[in-house]
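Undergrad: What follows is a protein structure lacking sequence information:
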Ligand SMILES: Nc1ncnc2c1ncn2[C@@H]1O[C@H](COP(=O)(O)OP(=O)(O)OP(=O)(O)O)[C@@H](O)[C@H]1O
């Protein structure tokens, strides 16, 4: 469950203040946030992830106002409840696919069995490269590993920053379907930000910034 109200943000030493529209998502609802380059999509996503702090406004995730949490509580909250799919891939190149997932579980301070990791690898068609180093796998596999890393700890909120912009039509469809499937599994909220108009039809709720 995500609610925002009167959310504004200003980067240090910049005059522009961003004002974001209200968001009100019930359990398991998804949202597509569209908008042209530079309008503030990534900024909004980083606010929702607690990576930036709002200038004003409320930001509730599962009834916790994350804008009021201390840095350490926010880190713990993010580790437990939020899954981030970044534009830039965040896997560790020198580790294998499996080791990356084990490392993510460790850093999220949670417990996930090796069997559960295998299940996720099967769902995302990554079993063949389970023991491969990240710098030896294909772009598509890397994209799917990004999804696996963002959902391995069963977050209540999945936030994806431009997950499809560099993909062809078929892979674009696959990635959105996988994100939606992973969100559905946990009744999680899925929020995708993009300027990729191809994925509009996959979402009932959309906001254009
Ligand atoms: N760390 C930062 N410090 C200062 N200004 C920033 C910072 N990050 C982004 N900005 C500025 O804020 C504005 C919005 O950036 P943001 O990345 O949120 O846009 P966006 O809509 O996601 O763009 P794109 O679609 O190109 O990724 C831009 O003008 C950008 O230069």
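TA: Perfect, thanks for sending it. Quick caveat: nothing in here was measured; it's all calculated off a predicted structure. Numbers count the residues shown, from 1 in each chain.
Undergrad: the strands in the chain, which residues?
TA: For the chain, applying DSSP state E gives strands covering 2-9, 18-19, 23-25, 30-34, 56-61, 64-65, 82-85, 157-161, 189-194, 206-208.
Undergrad: pLDDT averaged over the longest one - what is it?
TA: What strand 2-9 shows for mean pLDDT is 95.
Undergrad: Relative to the whole chain's centre, how far out is that strand?
TA: 18 Å (Cα atoms, centre = their mean, to the nearest Å).
Undergrad: now that strand and strand 189-194, what's the angle there?
TA: On the basis of axes from the mean of the first three to the mean of the last three Cα atoms, to 10 degrees, strand 2-9 is oriented at 40 degrees to strand 189-194.
Undergrad: rewinding a little: indicate which one of the strands of the chain is closest to residue 132.
TA: strand 82-85 (20.5 Å; Cβ to Cβ). C-betas here are computed from N, CA, C, even on glycine.
Undergrad: Can you add distance to residue 48 and mean neighbour count and give the strands of the chain back as TSV?
TA: Output for the strands of the chain, formatted as TSV (distance: least, Cβ to Cβ, whole Å; neighbours: other Cβ atoms under 10 Å):
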stretch	distance to residue 48	mean neighbour count
strand 2-9	7	17
strand 18-19	13	16
strand 23-25	8	17
strand 30-34	9	21
strand 56-61	7	17
strand 64-65	13	14
strand 82-85	8	24
strand 157-161	6	23
strand 189-194	6	25
strand 206-208	12	13
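Undergrad: Make CSV out of those strands and add distance to the ligand.
TA: Output for the strands of the chain, formatted as CSV (distance: least, Cβ to the nearest ligand atom, whole Å):
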stretch, distance to the ligand
strand 2-9, 9
strand 18-19, 7
strand 23-25, 16
strand 30-34, 9
strand 56-61, 16
strand 64-65, 22
strand 82-85, 14
strand 157-161, 8
strand 189-194, 7
strand 206-208, 11
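Undergrad: Nearest approach to residue 130 belongs to which of these?
TA: Nearest of the strands of the chain (Cβ to Cβ): strand 82-85, 20.0 Å.
Undergrad: Show me what that closest one is packed up against.
TA: helix 139-151, strand 157-161 (3 or more Cβ pairs under 8 Å, 6 or more residues apart in numbering; DSSP states H and E).
Undergrad: This completes my enquiry, with thanks.
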